[in-house]
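K.L.:
pasting a predicted model and its sequence here:
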Amino acid sequence: MARRKVRLERPADCRYDERKAERAVRFFNEHLRHTKGRFYGQPFNLRPWQELDIREIFGRVDEHGNRVIRQVYMQMGKKSGKSSMAAGVALKLLFADDERGGEIYGAAAERRQAGIVYQTAASMVKQNPRLLRMCASGKVNESTKRIVVPDWESFYEAISAEVAGKHGYNSHGVIFDEVHAQRDFRLWEVLTYGSGAARTQPLVFAISNAGVPGESPVAEMLYDEADQILRGITPCPESFYPVIYGAEDNDPWDDEEIWRLCNPAYGDFLDPRSVREEFEKAQRRPAEQNSFRRFVLSQWTKQETRFIDMADWDRCNGPVDIYELSHLPCYAGLDLSTKLDITALVLVFLQGNGCFHLLPTFWVPEENLGNRPNQETAKYRVWQQQGYLRTTPGNVIDYAAVRERLNQLREEANLDIREVAFDPWNATQFAQHLQEDGFTPVEVGQTYRYLSEATKELQSAAMQGNLRHGGHPVLRWMADCMTVKQDLNGNVRPVKPDRLKNSKRIDGIVASVMAIARAMVRGGEQRRSVYETRGVRFIE
């Protein structure tokens, strides 16, 4: 069912300053006024759902009293007040954040779009004599789209989307509008990676509608991170604040109750009649149905379906004890990486009743961990601290650590590791080392021929409860990330996300599938074809 997806729990290592939260709310309510339509000139009294976010964003602080939220991703439909919220945040950062020399930038896919939030902010300033007096010459500069506060040596400016010359910014705040319209990462990287490193509490406030997978890479990255955090798949870093209002994949798009749940302003400043008119137009013109889903329901269209239902997966979180399983045949799956992927080793124990027990180990390069985007770094560090993710020195994976771990597991529990399945890409020499250690490495090509049946078997095992994975959080995240490709004959195989454009990873699932593929071939009498033991029978 469609719902507001928001994480209200605060990370344990940050505190909440009620005074700072209240100050932010009062800035909106007492100093800002609405700028459009029937609400023009009325005080910007935050609605309860807006106030909740403003309080959390500005009220969470560290031990020094500095704001800990560094990045906000807010996704909801059109006419939901995103631009007014963004304008208010920009002015809060400019006039009431105690930041000398503050640089606040407004950005979007084009300067005209960035100018929409700016014009809203400028109108708010013009309606407040006190704020207007604080500006240079007692006015805002419409031609340069720049609001300057000389006493604080600070400014807010709407900038163009051209990335040339944008490096070297020292931003206290970035208001990033229409993130779904960004076709690449260039502007996002320039304005967010390291641009506020010299500030004590910089803030990137990103607002967006739902985008189109493959065409909205920045929004897709942020949405995936936010969605997985809000569904409890990955831990929430203290510096990231996700807000999503939107329909679920299977929600009926013609249900008005869904419209209401997706739009917190529905029946308030979002007129239900206008939504109904948009819906009727989409009914008459099927080509516009996706537009209704994206811009009204905030639903990502043409999204690949998750292959594994997480409810099924979570029901299979029974314990996996290597010593209790040591008498069972074991097959190892190995998915090696270099820099950007996670190296995965998964031991698959095949029980006589057809149940698969998965025991994973994961590695990332220690140096590269700090070079990843903030949200990705944060969850990896949490998992590393919890012992679910290992690191090797340097900026590439040291395969010696993988080899050592495999030998250690075999020796400690006296395991019967029948085969080690591996992707032949970049692993030939490593396979030779495994042979020297007495293992039997087997190449498993990443094609439909080798992976289809095992991929379907993994899904079936999860659905039927014939799977045990111990609730390992990294493997759970990867299961949630997994999508598949299908050929004309109905064969499927896992699809690895573009590692340069996407923070999703499925390496542990790929390793599991490879091991299951070998277990299905060599897994004992219970998995052999009946025709191997009794021959063919004829029915007359």
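P.N.:
Now that the structure is in, tell me what you want to look at. Numbering: from 1, shown residues only.
K.L.:
give me the three-state assignment for Ile417.
P.N.:
Assigned by DSSP: H, G, I helix; E, B strand; the rest coil, the conformation of Ile417 is strand.
K.L.:
just checking, it touches Leu334?
P.N.:
No - using C-beta atoms under 8 Å, Ile417 is not in contact with Leu334; the gap is 11.2 Å. (Each C-beta comes from the backbone N, C-alpha and C, glycine too.)
K.L.:
the more surrounded of these two?
P.N.:
A count of neighbours by other C-beta atoms under 10 Å puts Leu334 above the other of Ile417 and Leu334, at 27 against 18.
K.L.:
quick one, what contacts Glu453?
P.N.:
Ala517, Met520 (C-beta atoms under 8 Å, 6 or more residues apart in numbering).
K.L.:
ok, now Ser274?
P.N.:
Here Ser274 is in contact with Lys79 (C-beta under 8 Å, 6+ apart).
K.L.:
then Pro360?
P.N.:
For Pro360, the contacting residues are Ala344, Leu345, Val346, Leu347, His469, His472, Val474, Leu475, Gly508, Ala511, Ser512, by C-beta under 8 Å, 6+ apart.
K.L.:
switch the cut-off to 7 Å
P.N.:
Shown in contact with Pro360 (C-beta atoms under 7 Å, 6 or more residues apart in numbering): Ala344, Leu345, Val346, His472, Leu475, Gly508.
K.L.:
which ones among those residues lie within helices?
P.N.:
Leu475, Gly508 (DSSP state H).
K.L.:
closest to Gly267 among the contacts of Pro360?
P.N.:
Each of those was scored against Gly267 by C-beta to C-beta, and Leu475 proved nearest at 43.1 Å.
K.L.:
the closest one reaches Val510, doesn't it?
P.N.:
No - taking contacts as C-beta atoms under 7 Å, Leu475 lies outside contact range of Val510: 11.4 Å.
K.L.:
these two: who's more crowded?
P.N.:
Val510 (27 against 24).
K.L.:
about what we covered before: let me have the contacts of Pro360 in CSV, extended by distance to Lys36 and pLDDT.
P.N.:
Shown next, in CSV, are these (distance: C-beta to C-beta, whole Å; pLDDT from 0 to 100):
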residue, distance to Lys36, pLDDT
Ala344, 52, 96
Leu345, 57, 97
Val346, 55, 98
His472, 50, 97
Leu475, 49, 97
Gly508, 49, 96
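K.L.:
now distance to Ala136 too, for the contacts of Pro360, in CSV please.
P.N.:
CSV is the format used below for these (distance: C-beta to C-beta, whole Å):
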residue, distance to Ala136
Ala344, 57
Leu345, 61
Val346, 62
His472, 57
Leu475, 56
Gly508, 56
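K.L.:
greatest separation within the contacts of Pro360: which pair is it?
P.N.:
That would be Leu345 and His472, which, of those, are the farthest apart (C-beta to C-beta) at 12.4 Å.
K.L.:
looking at these two, which is more packed in?
P.N.:
Neighbours were tallied for Leu345 and for His472 using other C-beta under 10 Å; the higher tally belongs to Leu345 (25 against 21).
K.L.:
okay, helices next: where are they in the stretch 251-400 of the chain?
P.N.:
Counting by DSSP state H, counting those that start in this stretch, the stretch 251-400 of the chain has helices at residues 256-262, 272-284, 289-295, 310-314, 366-369, 374-386, 399-413.
K.L.:
can you list those in JSON lines and add mean pLDDT and distance to Gly37?
P.N.:
Below are the helices of the stretch 251-400 of the chain laid out as JSON lines (pLDDT from 0 to 100; distance: least, C-beta to C-beta, whole Å):
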{"stretch": "helix 256-262", "mean pLDDT": "91", "distance to Gly37": "20"}
{"stretch": "helix 272-284", "mean pLDDT": "89", "distance to Gly37": "12"}
{"stretch": "helix 289-295", "mean pLDDT": "85", "distance to Gly37": "19"}
{"stretch": "helix 310-314", "mean pLDDT": "91", "distance to Gly37": "42"}
{"stretch": "helix 366-369", "mean pLDDT": "80", "distance to Gly37": "49"}
{"stretch": "helix 374-386", "mean pLDDT": "82", "distance to Gly37": "36"}
{"stretch": "helix 399-413", "mean pLDDT": "94", "distance to Gly37": "62"}
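K.L.:
nearest to Lys79, of those helices?
P.N.:
helix 272-284 (7.4 Å).
K.L.:
which of the residues in that closest one are buried?
P.N.:
Going by neighbour count (16 or more other C-beta atoms under 10 Å), the buried part of helix 272-284 is Val275, Glu278, Phe279, Ala282.
K.L.:
same question, stretch 50-63
P.N.:
By 16+ other C-beta under 10 Å, the buried positions in stretch 50-63 come out as Gln50, Glu51, Leu52, Asp53, Ile54, Arg55, Glu56, Ile57, Phe58, Gly59, Arg60, Val61.
K.L.:
which of the three states applies to the first one?
P.N.:
Secondary structure for Gln50, judged by three-state DSSP, is helix.
K.L.:
identify the residue nearest it in space, chain neighbours excluded?
P.N.:
Met85 (6.3 Å; C-beta to C-beta, 6 or more residues apart in numbering).
K.L.:
how near is that neighbour to Glu142?
P.N.:
22 Å (C-beta to C-beta, to the nearest Å).
K.L.:
between those two, which one's more packed in?
P.N.:
The neighbour comparison of Met85 against Glu142 (other C-beta under 10 Å) goes to Met85, with 25 against 11.
K.L.:
just say helix, strand or coil for the more buried one.
P.N.:
Met85 - assigned by three-state DSSP - is helix.
K.L.:
distance of it from Val275?
P.N.:
20 Å.
K.L.:
next: Gln75.
P.N.:
Separation of Gln75 from Val275 (C-beta to C-beta) stands at 18 Å.
K.L.:
same check, this time on Trp49
P.N.:
Counting by C-beta to C-beta, the gap from Trp49 to Val275 is 18 Å.
K.L.:
ok, the residue nearest to Gln50 touching Trp49?
P.N.:
No - counting by C-beta under 7 Å, Met85 stays clear of Trp49, with 10.6 Å between them.
K.L.:
for the stretch 401-540 of the chain, which segments are assigned as helices?
P.N.:
Using DSSP H, counting those that start in this stretch, helices in the stretch 401-540 of the chain cover 428-436, 448-464, 473-481, 507-522, 531-534.
K.L.:
scratch that, the stretch 51-200 of the chain is what I was asking about
P.N.:
Using DSSP H, counting those that start in this stretch, the helices of the stretch 51-200 of the chain run over 82-95, 111-126, 129-134, 186-192.
K.L.:
just say which of those helices is most tucked in.
P.N.:
helix 82-95 (a mean of 24; mean count of other C-beta atoms under 10 Å).
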